[in-house]
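Q: Predicted coordinates and the sequence they were generated for:
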Amino acid sequence: MEQLRICHLYPEVLNLYGDRGNIRCLQQRLLWRNIDCEITQVKIGDRADLSAFDLFFIGGGQDFEQEVLLGDLKSGKAAEIRAAIEDGKTFLCICGGYQMLGHYYETYEGVKCEFLGAIDFYTVGGKVRMIDNYAFRLGEESGGSTVVGFENHSGRTYLGPGVKPLGTVLKGYGNNGEDKTEGVRYKNVFGSYSHGPILPKNPELCDEILRSALERRYGRADLSPLEDRFEKLAHEKVLERVLSDRNSGD
Amino acid sequence: MSTIRTIAAVAACKAARGILRMLHRGGTALPGKVAMKFDKEVLRTVSRGMKIIVVTGTNGKTTTCRMLEHALTRSGFPCLANKSGANLLSGVTAEFVCSADWRGRPKTEYAVVECDEGALKQVVPLLAPEVITVTNLFRDQLDRYGEVTHTLNAVKSGVEASPQTALCLNADCSLTSSIALDVPNPVFYYGLDVPVGEQKETEISDARHCIRCGTAYEYRYYTYAHLGGFCCPNCGYSRHDADVSVTQINSVSPAGSEVRMKWRGSKKDAAISLPAVFNIYNAAAAVCAFTVFSDRLKERHGITLPAESIFDALSDVESSFGRMENFDLDGVPVQMILVKNPAGCSQSISYLTQLKQDYMLAACLNDRTADGHDISWIWDADYEKLSEDPYLKQILVCGDRAEDLQLRLKYAGIPEERIELLPDFASMLGKIRTSNLPVFAMPNYTSMLELRGLLSQATGKKAFWK
């Protein structure tokens, strides 16, 4: 039986906005296909061999708690994460977890926080929060499907030259509200601002992520199609509302 | 002393409410806004000399208020209360203005006020209450309130605005009790001295790290969510001994709970007519607030209010709208449990799964402004527990985001064929009416208003603003 080893990084601090639903989704969609999966939580202070995992999930957190983990990253995990990324391991990183992969975060007041620098981008704190349901289209290398989610961030992210976004904004703000880019796609790293959580309502993206991890591990990925009736209903409901500018039930 | 401005504000407010009621609209905030157009601080005038308890916090505000109000009324102390749930400055203003006389002089001496966490700093300076009770702090509608620390700071600045006011804080909530670290007010604590059921560390915690130094808390015991006997191993910030505490939980059923409390240094058995653990907390909050209120009336005003009467009130207090409210729909018992955030939702699910009786669940989810547009919190609530409950026979889902809720239930492990998506609340009511099992309805705020509207029509209950 095939198996993926999933690492949930910093679940005790990066656990905002239902993002743990992504883990649930990855796990279920593997189990429904009789692929085993093992989920390991790696917390602050835990020493774990990150090279032993196939897929990493990093969520978003509260600002005050996020500071707690910067010290832990410096103690060695940062280098391991960079190595895993370069090694083609699959990452799903949301919001704060996504920002963390860039060079730095500069707050609105001008305080600079050094991040991992694993991918060439940076984030600057803005005055207004970008909050609402939104939609974007994935780049071809990520399957090209449409994704719906909920964004809630004041940080504006700017990708370096040649760095590919995860997708193109159809409606909403995305990385910075200016250049229509959303998230980042680098090797097998999928970075996005989308909460929701992102995966359950976007099963094609979830399968794309699983496929990349299975291919990296086994050189092939056979994902049998699933009956995604509930997934599609939820996806279409939000997409229809976002595209017609009705962002809530009001 | 009333000025022309006050008189105009009162007249305009009463007229606005009168017109809205004539139109059968439960306008609760608009009349207050109208009054404030004439006199921005009219609330100060119309509450002058009143003795007031304010209740704030994420969950349990309405029910705690209801307990306090019931205890005051029962003791022969008629009081004003913003029962309609309008808990922002405008709603509180409307309530006080409309119950004052035409010159803006209060007609009642006492009031129990539910106040939104964010509105506390506007409301408190105008009311100068005797007591402020904080129930708990959880993540709630992050898109509206921001992170939980923002809410905490908002509550702090509300409390600081009235340094004479006594504070009653939940000792078990590390966020709530941290308010005492930074404010000059006299502080009293309430809490549970014992764990509840087999609660252990939950995967989702709103406060895992010390609010003072960032170190992970250690717990002697858990009650629910992040509540319990916390202690920071680094800086020593830990649960404060409670002045009023629950020392034993004897029974929990749909009809209510029986507990033993430590009160004024001795043991006191208490029956609470509202079920579930969160209502045990609400009861402890109410006992603490009422006792402190009684002491202060004596000390500062020479008034005797028998503090024990809170216990009688707990035994026969009725639920407030949508919060453990019971209906009989053509012979089908319906209990409605309002759920607005992961902590409240998980607690409600725990309540359902420990009942051990066959039931149907009617779950509703809207995403309007009053609910918060972000519904991702449903993934932080413990719906997985429902999939292990053999007594849960069917789930109906309805609301603006019913499709999301349905998907959540699927990933929680509930078989698709046990879930039924309904297009509107009228069809949901139809399904409930023909159920041969008791029904528990679990709506969020605006879906509760909709479903409750239909239910109250069908069963002859009053509209919420009456």
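A: It's in.
Q: Distance of whichever residue of the stretch 101-250 of chain B sits closest to chain A relative to A:I198?
A: Taking Cβ to the nearest Cβ, chain A has its nearest neighbour within the stretch 101-250 of chain B at B:E147, 4.4 Å off. Glycine gets a C-beta too; all of them are placed from N, C-alpha and C. Note on B:E147: its distance to A:I198, by Cβ to Cβ, to the nearest Å, is 20 Å.
Q: neighbour count winner among those two?
A: Per other Cβ atoms under 10 Å in any protein chain shown, whichever of B:E147 and A:I198 has more neighbours is A:I198, with 28 against 17.
Q: secondary structure class for A:G155?
A: Under DSSP: H, G, I helix; E, B strand; the rest coil, A:G155 falls in the strand class.
Q: Pull the number of nearby residues for it.
A: A:G155 has 23 neighbouring residues, counting by other Cβ under 10 Å.
Q: cool, and the one 4 residues further on?
A: A:L159 is flanked by 21 other residues according to other Cβ under 10 Å.
Q: and if you look at the one 10 residues further on?
A: Applying other Cβ under 10 Å, we find 21 residues neighbouring A:V169.
Q: Can you name the residues that contact it?
A: A:V169 is in contact with A:Y134, A:A135, A:F136, A:K180, A:T181, A:E182, counting by Cβ atoms under 8 Å, 6 or more residues apart in numbering or on different chains.
Q: For the residues you listed, work out which two are farthest apart.
A: A:A135 and A:T181 (13.9 Å; Cβ to Cβ).
Q: what helices or strands is the longest strand belonging to chain A leaning on?
A: If you go by DSSP state E, chain A has its longest strand at strand A:121-138. Applying 3 or more Cβ pairs under 8 Å, 6 or more residues apart in numbering or on different chains; DSSP states H and E, one finds that strand A:121-138 contacts strand A:104-106, strand A:146-159, strand A:167-171, helix A:229-243.
Q: Direction included, what does it pair up with?
A: Applying DSSP bridges, strand A:121-138 is found paired with strand A:104-106 (parallel), strand A:146-159 (antiparallel), strand A:167-171 (antiparallel).
Q: can you pull out the strands in the stretch 1-150 of chain B?
A: With DSSP state E, counting those that start in this stretch, the ranges of strands along the stretch 1-150 of chain B come out as B:51-56, B:79-81, B:110-114, B:131-134.
Q: model confidence over the shortest one, on average?
A: Spelled out, it's strand B:79-81. Averaging pLDDT along strand B:79-81 gives 95.
Q: Next, the residues that contact it from outside, please.
A: With contact meaning Cβ under 8 Å, 6+ apart, strand B:79-81 is reached by B:50, B:65-66, B:69, B:72-73, B:95-96, B:99, B:106, B:108-114.
Q: Type out the PyMOL command that picks the buried ones from these.
A: PyMOL command restricting the contacts of strand B:79-81 to the buried ones, with burial defined by 16 or more other Cβ atoms under 10 Å in any protein chain shown:
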select buried, chain B and resi 50+65+66+69+72+73+95+96+99+106+108+110+111+112+113+114
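Q: Would you convert the strands paired with strand A:121-138 into JSON lines that also reports mean pLDDT?
A: JSON lines is the format used below for the strands paired with strand A:121-138 (pLDDT from 0 to 100):
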{"stretch": "strand A:104-106", "mean pLDDT": "92"}
{"stretch": "strand A:146-159", "mean pLDDT": "95"}
{"stretch": "strand A:167-171", "mean pLDDT": "98"}
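Q: The longest strand belonging to chain B pairs with which strands?
A: Determined from DSSP E, the single longest strand within chain B is strand B:244-253. Applying DSSP bridges to the sheet, strand B:244-253 is found paired with strand B:187-192 (parallel), strand B:256-263 (antiparallel).
Q: Can you give me the buried ones in that strand?
A: For strand B:244-253, a neighbour-count test (16+ other Cβ under 10 Å) marks B:V244, B:S245, B:V246, B:I249, B:V252 as buried.
Q: of all the residues you listed, which two lie farthest apart?
A: Longest span within those, Cβ to Cβ: B:V244 and B:V252, 19.3 Å.
Q: quick check: mean pLDDT across stretch B:217-235?
A: Here stretch B:217-235 scores 93 as its mean pLDDT.
Q: Could you check it against chain A for contacts?
A: No: using Cβ under 8 Å from any Cβ of the partner chain, stretch B:217-235 never reaches chain A; the gap is at least 10.9 Å.
Q: Show me where chain A has its strands.
A: A:3-9, A:36-42, A:55-58, A:90-94, A:104-106, A:112-114, A:121-138, A:146-159, A:167-171, A:181-182, A:184-186, A:189-192.
Q: and what of the stretch 301-450 of chain B?
A: Taking DSSP E, counting those that start in this stretch to define them, one finds strands in the stretch 301-450 of chain B at B:323-329, B:332-337, B:359-364, B:392-398, B:419-421, B:439-443.
Q: Show the end-to-end separation of stretch B:260-273, please.
A: Stretch B:260-273 has an end-to-end distance of 14 Å (Cα to Cα, to the nearest Å).
Q: chain center to that stretch, what's the gap?
A: Relative to its chain's centre, stretch B:260-273 lies at 21 Å (Cα atoms, centre = their mean, to the nearest Å).
Q: What are the buried residues along that stretch?
A: For stretch B:260-273, the neighbour count (16+ other Cβ under 10 Å) marks B:R260, B:M261, B:K262, B:W263, B:A270, B:A271, B:I272, B:S273 as buried.
Q: Out of the residues you listed, the closest to chain A would be?
A: B:I272 (31.8 Å).
Q: Verify the stated contact: the closest one with B:E258.
A: Yes: using Cβ atoms under 8 Å, B:I272 is in contact with B:E258, at 7.5 Å.
Q: Of all residues in chain A, which one is nearest the centre?
A: Against the mean C-alpha coordinate of chain A, by Cα atoms, centre = their mean, the closest residue is A:C93 at 2.9 Å.
Q: who's that one bridged to?
A: Applying DSSP bridges to A:C93 gives these bridge partners: A:I58, A:G191.
Q: just checking, it touches A:L116?
A: No: in this structure A:C93 lies outside contact range of A:L116 using Cβ under 8 Å: 10.1 Å.
Q: where do the contact lists of those two overlap?
A: Counting by Cβ under 8 Å, 6+ apart, the shared contacts of A:C93 and A:L116 are A:M100, A:L101.
Q: what angle sits between the longest helix along chain B and strand B:51-56?
A: As assigned by DSSP state H, the longest helix anywhere in chain B is helix B:277-301. If you take axes from the mean of the first three to the mean of the last three Cα atoms, to 10 degrees, helix B:277-301 sits at 150 degrees to strand B:51-56.
Q: Show the low-confidence segments of chain B, by residue range.
A: Within chain B, the ranges that satisfy pLDDT under 70 run B:1-2, B:25-27, B:142-146, B:197-204, B:462-466.
Q: which parts of it sit against chain A?
A: Chain B comes close to chain A at residues B:139, B:142-143, B:147-149, B:203-205, B:208-209, B:214, B:216, B:366-369, B:371, B:373-380, B:399-401, B:403-404, B:406-408, B:410-411, B:416, B:421, B:446, as judged by Cβ under 8 Å from any Cβ.
Q: How is chain B divided into domains?
A: With domains defined by automatic domain parsing, chain B comprises B:4-316, B:323-459.
Q: Quick one: those as a markdown table, columns for distance to A:F53 too.
A: Below are these laid out as a markdown table (distance: least, Cβ to Cβ, whole Å):
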| stretch | distance to A:F53 |
| --- | --- |
| domain B:4-316 | 19 |
| domain B:323-459 | 22 |
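Q: residues near residue 221, how many?
A: Picking chain A for this. A:A221, neighbours per other Cβ under 10 Å, totals 17.
Q: Let me rephrase: I mean chain B.
A: Close neighbours of B:Y221, defined as other Cβ under 10 Å, add up to 17.
Q: how about residue 232, what does it touch?
A: Since you didn't name a chain, this refers to chain A. A:K232 sits next to A:P203 when contact means Cβ under 8 Å, 6+ apart.
Q: wait, I meant chain B there
A: Taking Cβ under 8 Å, 6+ apart, we find B:C232 in contact with B:C210, B:R212, B:C213, B:T215, B:Y217, B:E218, B:S238.
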